[in-house]
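Peer 1: I would like the atomic coordinates for the input below:
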Amino acid sequence: MSDTTHLLVPWAATSSPGSDQAWQGLALPQLERLIRQLTPLAPDVQEEACFSPPHERALGRALGLGDADGRIAFAALHAEQTGLAHAAKPGDGWAFVTPCHWQVRTDHVTLSDPQALDLGEEESRALLALMAPWFAEDGMALHYEQPGRWLTSGPLLTQVATASLDRVLQRDVRAWLPPEAAAVPLRRLHSEMQMLLYTHALTDAREARGLAPINAFWVHGSGALPAPLPASEPPQVVESLRGPALREDWATWRSAWQALDAGPVAELAARAAKGQPVQITLCGERGALSWRSAPRSLGQKISSIFGRQRLSQLREQL
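Peer 2: Have a look, this model is predicted:
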């Protein structure tokens, strides 16, 4: 359905106990109204330890990139769309590189939220220039895109699965490092960059300003584009639940859900009521549930009225 309006909702629920409490008594009348009008699709439920969270798997399928775990080529697609693809060699893969701060403790190494680093363009470009020769030794070229995110290209990036940044934020990075033998250069680069940046003047300057040092990076969105890439209409991806969910700010997350219900979800329900083709996909940390416009029998219509699925039941599947 190329003309289908598709609303993709990441972080609709999480595995945190706080999310359970936030769901209790949460009224989302427009979502319930919308679901009653649509036909459920087969759910996508995987282990929470998968490198690619449900919303990235759903987005990958919608964009024609597939949903192979840790190998959804978002960076390669971005390079193609922004004209950077010509900078790579034939056969190269792509990945995003996010400069970040690892908080190292005796029993775990936590990746702090990169958005809190206050990284400016001049400083980011200086970091990239410092790190680029080390990446080049392993056949990877670094390309500047924005202060908080670069791209890298090279043959290695067609081979390794990389964990989504959303998977590793505020968690122990060691569980999310690429495990394949082909990823040995990446794991070595992590160690080398920590040693390089530990005593560098850029680190001293940040600490003098009271900022956390940039002492690491995270590679994600790796892979190569399928050829040919199928034409597809990107879904409307909701971003408002992500920040509160990652911060575990459940009051704000709950308010964001209510605003989403009164806005984009209500608009989608109105489209569905007019007979326009629509789809909604709700994503948690384990699974994704989708509903789409499709012809329904009289029995299905009656069932949707009298057999309404409770929101708490939906949350348990996400």
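Peer 1: where along the chain do the strands fall?
Peer 2: For the chain, the strands defined by DSSP state E occupy 5-9, 39-40, 44-45, 93-100, 102-104, 109-111, 141-146, 149-154, 216-223, 236-237, 278-283, 287-292.
Peer 1: what's the fourth one in contact with?
Peer 2: Applying CB atoms under 8 Å, 6 or more residues apart in numbering, the external contacts of strand 93-100 come out as 73-76, 78-79, 85, 88, 111-112, 114, 117, 119, 124, 127, 142, 148-159, 162, 165, 214, 216-224. C-beta here means a position set from N, CA and C on the backbone, and glycine is covered the same way.
Peer 1: what values do phi and psi take at residue 230?
Peer 2: phi -60, psi 140 (degrees, to the nearest 10).
Peer 1: model confidence score at the residue lying closest to it once chain neighbours are set aside, please.
Peer 2: Once flanking residues are discounted, residue 230 sits nearest to residue 64: 3.7 Å by CB to CB, 6 or more residues apart in numbering. Looking at residue 64, its pLDDT stands at 92.
Peer 1: what's the answer for residue 153, then?
Peer 2: Note on residue 153: pLDDT of 96.
Peer 1: distance check, it against residue 209.
Peer 2: Note on residue 153: its distance to residue 209, by CB to CB, to the nearest Å, is 32 Å.
Peer 1: same check on residue 21?
Peer 2: Taken as CB to CB, the span from residue 21 to residue 209 is 38 Å.
Peer 1: more neighbours, residue 153 and residue 209?
Peer 2: Legend: neighbour count by other CB atoms under 10 Å for residue 153 and residue 209, higher for residue 153 (25 against 8).
Peer 1: what is the neighbour count of the residue nearest to the more buried one when sequence neighbours are not counted?
Peer 2: Closest residue to residue 153 apart from its sequence neighbours, by CB to CB, 6+ apart: residue 88 at 3.8 Å. Residues lying near residue 88 (other CB under 10 Å) number 22.
Peer 1: residue 88 touches residue 80, doesn't it?
Peer 2: No - counting by CB atoms under 8 Å, residue 88 does not reach residue 80; the two are 10.0 Å apart.
Peer 1: where does this structure dip in pLDDT?
Peer 2: The model of the chain has pLDDT under 70 over residues 1-2, 295-312.
Peer 1: could you rerun that using 80?
Peer 2: Applying pLDDT under 80 to the chain flags the ranges 1-2, 88, 227-232, 295-316.
Peer 1: that one: helices as residue ranges?
Peer 2: Taking DSSP state H to define them, one finds helices in the chain at 17-23, 29-37, 54-62, 74-81, 121-136, 165-168, 184-198, 201-208, 242-247, 250-260, 266-273, 298-306, 311-317.
Peer 1: could you check how far the residue nearest to residue 153 is from residue 76?
Peer 2: Distance, residue 88 to residue 76, using CB to CB: 9 Å.
Peer 1: just to revisit the earlier point, mark which of the contacts of strand 93-100 are buried, thanks.
Peer 2: Among those, the ones that count as buried by 16 or more other CB atoms under 10 Å are 73-76, 78-79, 85, 88, 111, 114, 117, 119, 124, 127, 142, 148-159, 162, 165, 214, 216-224.
Peer 1: skipping adjacent residues, who's closest to residue 187 in space?
Peer 2: Spatially, and ignoring its direct neighbours in sequence, residue 187 is nearest to residue 177 (6.1 Å; CB to CB, 6+ apart).
Peer 1: what is the neighbour count of residue 232?
Peer 2: Here the number of neighbours of residue 232 (other CB under 10 Å) works out to 12.
Peer 1: how far away is it from residue 126?
Peer 2: Going from residue 232 to residue 126 by CB to CB gives 38 Å.
Peer 1: which one of the strands of the chain lies nearest to residue 55?
Peer 2: Nearest of the strands of the chain to residue 55, taken as CB to CB: strand 278-283 at 3.9 Å.
Peer 1: and for the closest one, what are the contacting residues?
Peer 2: Under the criterion CB under 8 Å, 6+ apart, residues 1, 4-13, 31, 34-35, 38, 53-55, 58, 235, 265, 268, 271-272, 288-293, 314, 318 lie in contact with strand 278-283.
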